[in-house]
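# show me the folded form of this:
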Amino acid sequence: MSHIPTPHIGAEKGQIAETVLMPGDPLRAKFIAETFLEQAECVNEIRNMFGFTGEYHGKRITVFGGGMGMPSVGIYSYELFHFYDVQQIIRIGTAGALSDRVDLRDVVVGTGASTDSNYGDQYGLPGTYAPVADFGLARAAVETGERLGIRTVAGNILSTDIFYHADENALQKWAGMGVLAVEMEAAALYMNAAKAGKKALCLLTISDAPLRGASLPASERQSGFTDMMKIALEIA
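Numbering: from 1, shown residues only. Alright, predicted model coming up:
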């Protein structure tokens, strides 16, 4: 614990729970803490990347922003896993549907995360690593969605480094391989968890479908996000 506080996290020993829910937006972390947690305490404000620890039905949970992209979530998840004894991180975010199997408002359980990132090169592996979620968390998410009557779709997602791609057909190529949806963080989270011997899962609310030109109006995005939160909190 001699590494805490870190350059990016100001929490002291014991202020962060073993389970972390990680939205990208720090203001969404604040919203989750205020809406779902009891006795929520702010444990980080460095760079306005807010983190809060509280309780949900007697379970101690931290909600911590992860930022946008794999470099950002890579930093925060690494420090949480290695320096704060976090055992599992559940990313909760939004995504764009690529597959016809996925509709607006669905919750996608990312069992694997394809990527166009070079994040995995640091490990010097003699091949291509396939980042995957913890099976126990993924199974629990699907079963919880079924129990709560929330439509979930499990499968491979894309973690991309590029929001505005020069190749206009890039997403169609990934869709052709059965990839369900596109986001920007899960692959790095899964690799950090694997290297640390910890657990990770990415849950995604489908907010738009770029290949179909469809998207949820702002007024409906919150209800879809709430469904995903119900799953995440139940399995945390």
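# mind checking pLDDT for residue 223?
In this model, residue 223 is scored at 63, pLDDT.
# pretty sure residue 18 contacts residue 86?
Yes - because the distance of 6.0 Å satisfies Cβ atoms under 8 Å, residue 18 is recorded as touching residue 86. Every residue, glycine included, has its C-beta placed from N, CA and C.
# between those two, who's got more neighbours?
Between residue 18 and residue 86, counting by other Cβ atoms under 10 Å, residue 86 is the more crowded of the two (23 against 15).
# my guess is the more buried one meets residue 21, correct?
No - with the criterion set as Cβ under 8 Å, residue 86 and residue 21 do not qualify as a contacting pair; they are 11.0 Å apart.
# gap between whichever helix in the chain runs longest and the chain center?
In the chain, with assignment by DSSP state H, the single longest helix is helix 218-235. Mean C-alpha position of helix 218-235 versus that of the full chain (Cα atoms, centre = their mean, to the nearest Å) differs by 13 Å.
# give me the low-pLDDT residue ranges for this structure?
Along the chain, the parts satisfying pLDDT under 70 run over 1-2, 219, 221-224.
# make it 80
Across the chain, the stretches falling below the confidence threshold (pLDDT under 80) are 1-2, 218-224.
# how about the secondary structure of the spatially most central residue of the chain?
With distances taken as Cα atoms, centre = their mean, the residue of the chain nearest its centroid is residue 91 (1.9 Å). Under DSSP: H, G, I helix; E, B strand; the rest coil, the three-state class of residue 91 is strand.
# ok, it touching residue 66?
Yes - at 6.8 Å, residue 91 and residue 66 qualify as touching, with contact defined as Cβ under 8 Å.
# give me the common contacts of these two.
22-23, 73, 185, 189 (Cβ atoms under 8 Å, 6 or more residues apart in numbering).
# tell me the one of those nearest residue 216?
Distance to residue 216 across these (Cβ to Cβ) is lowest for residue 23, with 16.8 Å.
# roughly how far apart are the closest one and residue 167?
Relative to residue 167, residue 23 is positioned 29 Å away (criterion: Cβ to Cβ, to the nearest Å).
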